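Visitor: Pasting the sequence and the predicted model now:
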Amino acid sequence: MNLIWGSLCQEALSILAENAELNEEDGRGIAFRRAEAVLKALPRAVRKLTELKGLPCLGEHSLRIIKASGKAAEVEATKQSERYKALKLLTGIFGVGAKTADRWITMGIYNLQQLQSSGPTLNQAQQAGLEHYEDLNQPVTRAEADHIGEIVRRVVLCVLPGAQLTLIGGFRRYTSRAALDLINIADHLTAKICTDADGIVDILNRGKPTGHDVDFLITHPEEGREVGLLPKVVSLLKSQGFLLYQKTTKNSYLESEDRPTQPSSNMDRFERCFSIFRLKRNPGTTLVKPDTSPRSSSCTQSQSERHSHQESAEVRGNGSESRPKSWRAVRVDLVVSPISQFAFALLGWTGSKLFERELRRWAGHEKAMSLSSHALYDTKQLPESSFRGGDICSPGPGVHPSIREKRLKRPAERPWDTQLWRVADHLGPAFGSDCRYSLESNRQIHWFVTY
DNA sequence: CGGCGTACG
DNA sequence: CGTA
DNA sequence: GCCG
């Protein structure tokens, strides 16, 4: 099997995985994903099928696909199947998952025209997703990601001076040191699972040139300062015309009015925002420069070009020839994390779904721990007594769990978990300047001391 | 034959 | 239900 | 679909 064959086989397995996922057969889906990842992880081209003997996750079905050099009839049939095509098309709409797509197909909806004419009620996300269908299914370049990052950074710094904005997800390039420590985790994965080429190899060298969205992680070196940040950032971005859609809060305009503000008690706990960003096409010669003067801080600058509503760029009938839009829509995710959870968030937002799942599965099954983008818990320990619901614990040398009590999912019986070791303590230096907390604390690094 | 990640909006 |  |  030469390289060409190899990639053909990977594509074939990917089709089968995707088809399973679209049909809500998640188990089969992940099985095919693992098989695909095993092929991807092979260090060299395979010439004979016997060389695949002994590899994990390659069972009868997957081997059959590989034998056919990825040209198995099943794969071709799947690709041409009307149901597969429709599911892929409809779930390509932001806000539409396999369940909704399946329901629509049952109603006879197989394409966007049918969706628009026979109008089932669309929620706000789906409306926005449909409106920007074309743009959102277009790859995002690294340059576009950086440009968005500069815009977001301005607003974030405006709302909270000293805050840090980090590009995460597939675009992020991990340092070699980060790679080493991640491999410490991944080694166990390779030994035990050996599946996720995407995770074990590519994640560590990710830095992809393109992506389907842009993810940012926001934090502040002083624990707690990040609380309530997200609604303000979103509000400001929106007021400046950068957000075509956002899901964080419907209370959008609390910013400009100086009312006796609600003590930000309730509404500011949001930590994720899924948005659709309005990015001007040719960034122009005026590239964003960090504004050093405190006065005229660029907060007030908005997108120069107001929304000229001659847009409506979706499936328009032909005839109206319009000049190309001066902007495009991009999916942008904003994540806010307290500094004590920063490394968890980095690890949890690598952008590789399979890697995340395998890592967490391994943590649970092999280590009796539970890993999330907030913390790592021992599933056998009782929770710390000092929890207060809704609070975020301060990071102490006593290694307090940085998590809210209400987030603990506790099976009624089994005692469950205080956090043991904060991954931050182990990964911190690996992430270099990204993890100020660990650098400053300068503590001895013990990598999963219980191994 | 059961399990297949774990959260948030 | 959707998102990552 | 593959694994324990």
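Guide: Cool, got the structure.

Visitor: DNA strand B contacts on the stretch 301-450 of chain A?
Guide: Taking C-beta under 7 Å from any atom of the strand, the part of the stretch 301-450 of chain A that reaches DNA strand B is made up of A:348, A:353, A:356-358, A:360-361, A:363-364, A:370-374, A:404, A:407, A:409. C-beta: built from backbone N, CA, C; applies to glycine.

Visitor: taking those residues one by one, which sit in helices?
Guide: Mapping those onto helices (DSSP state H) picks out A:348, A:353, A:356-358, A:360-361, A:363-364.

Visitor: Compile those into JSON lines and extend it with columns for pLDDT, distance to residue A:49 and neighbour count.
Guide: What follows is these, written out as JSON lines (pLDDT from 0 to 100; distance: C-beta to C-beta, whole Å; neighbours: other C-beta atoms under 10 Å):
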{"residue": "A:348", "pLDDT": "85", "distance to residue A:49": "37", "neighbour count": "21"}
{"residue": "A:353", "pLDDT": "89", "distance to residue A:49": "29", "neighbour count": "13"}
{"residue": "A:356", "pLDDT": "83", "distance to residue A:49": "31", "neighbour count": "20"}
{"residue": "A:357", "pLDDT": "87", "distance to residue A:49": "28", "neighbour count": "17"}
{"residue": "A:358", "pLDDT": "80", "distance to residue A:49": "25", "neighbour count": "25"}
{"residue": "A:360", "pLDDT": "84", "distance to residue A:49": "32", "neighbour count": "17"}
{"residue": "A:361", "pLDDT": "83", "distance to residue A:49": "28", "neighbour count": "15"}
{"residue": "A:363", "pLDDT": "77", "distance to residue A:49": "34", "neighbour count": "21"}
{"residue": "A:364", "pLDDT": "81", "distance to residue A:49": "34", "neighbour count": "13"}
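
Visitor: how about the closest residue to residue A:17 other than its chain neighbours, what does it touch?
Guide: Closest residue to residue A:17 apart from its sequence neighbours, by C-beta to C-beta, 6 or more residues apart in numbering: residue A:32 at 3.5 Å. Contacts for residue A:32 were tallied using C-beta atoms under 8 Å, 6 or more residues apart in numbering; they are A:13-14, A:16-17, A:20, A:62.

Visitor: And the helix or strand encompassing residue A:32, what's buried?
Guide: Using DSSP states H and E, residue A:32 maps to helix A:26-41. Residues of helix A:26-41 classed as buried: A:29-41 (neighbour count, 16 or more other C-beta atoms under 10 Å).

Visitor: Can you name the residues of the stretch 51-200 of chain A sitting close to DNA strand D?
Guide: Close to DNA strand D, as judged by C-beta under 7 Å from any atom of the strand, the stretch 51-200 of chain A has residues A:56-63, A:192.

Visitor: picking that back up, greatest separation within the ones in helices among the residues of the stretch 301-450 of chain A next to DNA strand B: which pair is it?
Guide: Pairwise distances across these peak at 16.7 Å for A:353 and A:364 (criterion: C-beta to C-beta).
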